[in-house]
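S.K.: Let me see the structure of the following:
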Amino acid sequence: MIKRTFTLMVCMLVLTLVMYRCKNKDAEPLTPDQGLVEELSKIDVEPVKLTDPAPVASTEAAITLSPAVTTLGTEIAGMGAAGAEPANVKAAAGKFASFFTAAEITALISVKKEVLDAAGTTGKLPANLTAILARASKSPEMAAYFPKVTLPTVDGKVIKGLRTGAIEGGPASKFEGTLANDACLIAAEAEFEKSKTKLDASRGKLLASAKDKYDAEVKLIGDAQAACTAGEPAKYAAIIKQAETLADQLNAALDANKDLLGDDYMSLKGIVGLQLIAYLTSLNDLAKADLQACVAKGTAGNTSASNAHDANKLLIENAYQTALASAEKTKAKLVESCHNQGGGN
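M.R.: Predicted structure coming up:
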């Protein structure tokens, strides 16, 4: 009798354990916590304020008449009203006559139009005029009639007339213990992958926007460089014409006052010739420098745009990685919820 009673008690204990196990099994959740699922769905890559390229600092080329020539021109033009040669004009003529020979002065006065045109477009002069210009450049008194030339600069560098991708993030980590046959964990993984797909798409849109901005900037830089280069010939042709017109005006003033000037007339005409060829040859060098400045500004602009694009890609990648890290933390909570929701003891 005791044996039968013991057997019955054992059977009841086994049955209780089986029922308890079944109850525990039934308590395991089939889906992750929906509050966490909603939290995960709201995570996105934060918008990024795109960086603009740093501006390219530049200064324009410039060429101006020397004050000595400007002063002479004003005084010569006013001689008729005064009825006499100004002392400054007479002193300038005397110094010029003592520095150059009569043959050199004649050469400066008789420069042909085609020689002046060549000087302005090529910077080249006949040998005799080249020698005169070289000798005058070594004398402070004669060099005072040379124009003032200011070379262009780009990013602080003087320009002379010489010829001269998106970062991909790693895959999201898989959590240890995720079971392929656990419906809740599979659902948690699916929600995370859905979130990551959205984050990847957001990153892609931001990167595309950054690339569009970069492409637009590069096009503007290219257009500006092309316009700069294309405009140089007309720009300098106009300046050459202005220089020649000014020389004609000075010569006309000298001719009008020839009788008052006497022997100084030829020397003053020589000064006009010297300043003109010095101006034109300097202008040619300046035009070459300006062309190089067009290229230098384009190159510097492209470098600045590229640097800004790289900085923007990094900003976007950082924003993406921040959002991805947040999604992974929420995924960890989802996985935890699969084990903790409504479980028995």
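S.K.: any weak-confidence spans in this protein?
M.R.: 1-29, 161-181, 340-345 (pLDDT under 70).
S.K.: all strands for it, in order.
M.R.: Ranges of strands within the chain are 58-59, 62-64, 148-150, 153-154, 157-158, based on DSSP state E.
S.K.: Compare the ones you listed and give me the one nearest residue 290.
M.R.: The closest approach between residue 290 and any of these, judged by CB to CB, belongs to strand 62-64 at 10.1 Å. For every residue, glycine as well, the C-beta is placed using N, CA and C.
S.K.: chain center to stretch 237-253: distance?
M.R.: 38 Å (CA atoms, centre = their mean, to the nearest Å).
S.K.: next one: stretch 206-223
M.R.: 12 Å.
S.K.: And for stretch 38-46?
M.R.: The chain centre lies 37 Å from the centre of stretch 38-46; the measure is CA atoms, centre = their mean.
S.K.: Other residues contacting it?
M.R.: For stretch 38-46, the external contacting residues (CB atoms under 8 Å, 6 or more residues apart in numbering) are 191-192, 194-195, 198-199, 202-203, 206, 316, 319-320, 322-323, 326-327, 330-331, 334.
S.K.: Kindly report the same for stretch 200-208.
M.R.: Contacts of stretch 200-208 (CB under 8 Å, 6+ apart): 44, 45, 47, 48, 166, 169, 313, 316, 317, 319, 320, 323.
S.K.: Mark which of these are buried, thanks.
M.R.: 44, 45, 48, 166, 313, 316, 317, 319, 320, 323 (16 or more other CB atoms under 10 Å).
S.K.: Just the buried ones from the contacts of stretch 38-46?
M.R.: Buried, going by 16+ other CB under 10 Å: 191-192, 195, 198-199, 202-203, 206, 316, 319-320, 323, 326-327, 330-331, 334, out of the contacts of stretch 38-46.
S.K.: Mark which of the residues you listed are part of helices, please.
M.R.: 191-192, 195, 198-199, 202-203, 206, 316, 319-320, 323, 326-327, 330-331, 334 (DSSP state H).
S.K.: Please, where are all the helices along the protein?
M.R.: Under DSSP H, the chain gives helices at 2-27, 34-41, 67-77, 79-82, 87-99, 102-109, 113-122, 127-137, 140-143, 183-256, 258-261, 264-340.
S.K.: Point out the most buried one among these.
M.R.: helix 264-340 (a mean of 20; mean count of other CB atoms under 10 Å).
S.K.: Now do that one and helix 34-41, the angle between them.
M.R.: Here helix 264-340 points in a direction 160 degrees away from that of helix 34-41 (axes from the mean of the first three to the mean of the last three CA atoms, to 10 degrees).
S.K.: Residue 273: which of the contacts of stretch 200-208 is nearest?
M.R.: Among the contacts of stretch 200-208, and counting by CB to CB, the member closest to residue 273 is residue 313, at 60.5 Å.
S.K.: one step back: quick one: which of the contacts of stretch 200-208 is nearest residue 229?
M.R.: The nearest one, if we look at those relative to residue 229 and count by CB to CB, is residue 313, at 31.0 Å.
S.K.: Please report the distance of the closest one from residue 216.
M.R.: Distance, residue 313 to residue 216, using CB to CB, to the nearest Å: 16 Å.
S.K.: List the contacts of the residue positioned nearest the centre of the chain.
M.R.: Central residue of the chain (CA atoms, centre = their mean): residue 301, 2.1 Å from the mean position. Applying CB under 8 Å, 6+ apart, we find residue 301 in contact with 53, 56, 217, 221, 224, 225.
S.K.: can you put the residues you listed in a markdown table and add distance to residue 84?
M.R.: Shown next, in a markdown table, are these (distance: CB to CB, whole Å):
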| residue | distance to residue 84 |
| --- | --- |
| 53 | 62 |
| 56 | 54 |
| 217 | 63 |
| 221 | 59 |
| 224 | 54 |
| 225 | 55 |
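S.K.: And those, which is closest to residue 276?
M.R.: Distances from residue 276 to these, taken by CB to CB, are shortest for residue 225, at 32.2 Å.
S.K.: quick one: contacts for the closest one?
M.R.: Residue 225 neighbours (CB under 8 Å, 6+ apart): 294, 295, 297, 298, 301.
S.K.: Which residue is the nearest non-sequential neighbour of the fourth one?
M.R.: With CB to CB, 6 or more residues apart in numbering as the measure, residue 225 is the residue that lies nearest to residue 298, at 3.5 Å, once sequence neighbours are left out.
S.K.: ok, now the second one?
M.R.: Nearest non-adjacent residue to residue 295, counting by CB to CB, 6+ apart: residue 225, 6.8 Å away.
S.K.: Would you check how far apart the one you found and residue 51 are?
M.R.: Applying CB to CB, one obtains 22 Å for the distance of residue 225 from residue 51.
S.K.: Equivalent analysis for residue 267, please.
M.R.: Distance from residue 267 to residue 51, by CB to CB: 62 Å.
S.K.: Fine by me, we can end here.
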